[in-house]
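# structure of the sequence below:
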Amino acid sequence: SVEMFKASGAMDVLSAAVAPAANFLGLPPQVVPMAILRPVSGGGSLALLDRILNQAGPDSLAGRTASVMCGSSETTFYTVAVYYGACGVKRTRYTLLAALLADGVAALVSAAVVRMFFPGCL
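Just a heads-up that it's a prediction; the model follows:
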């Protein structure tokens, strides 16, 4: 389903729509698709990380930001489904909203932390 999402062009449209805000907030444009895909698919986001590292390089701003983002965020939908399903919880209430907000914060803070600790990779 992730490949269909990317092949349909929806990922590009969504990334282009979010790119101006992400650029304003200091997130490299190469990392925007990963920030969108990370809460949905762990494997898909690792494939995007591999692509970013191959294209931009591991010591680039995009490579380091994507690496920190991958390590500091979670596959939200999968995690909520597995853990709430195991406990038998039917209504997640505000968990999904809070978890997606945390993923957004992780994306923004990862860019800020990389800029703070690696000023030479700008």
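# count of neighbours near the closest residue to V113 other than its chain neighbours?
Spatial nearest neighbour of V113, chain neighbours left out: V68 (6.1 Å); criterion: C-beta to C-beta, 6 or more residues apart in numbering. Every C-beta, even on glycine, is put in place using the N, C-alpha and C of the backbone. Here the number of neighbours of V68 (other C-beta atoms under 10 Å) works out to 21.
# repeat that for the one 10 residues further on.
Counted with other C-beta under 10 Å, the neighbours of Y78 add up to 13.
# residues contacting the residue lying closest to S41 once chain neighbours are set aside?
The shortest distance from S41 to any non-neighbouring residue, by C-beta to C-beta, 6+ apart, is to V2 (4.7 Å). Shown in contact with V2 (C-beta atoms under 8 Å, 6 or more residues apart in numbering): 37, 40-41, 43-44.
# from D103, how far off is M34?
Distance of M34 to D103, computed by C-beta to C-beta, to the nearest Å: 11 Å.
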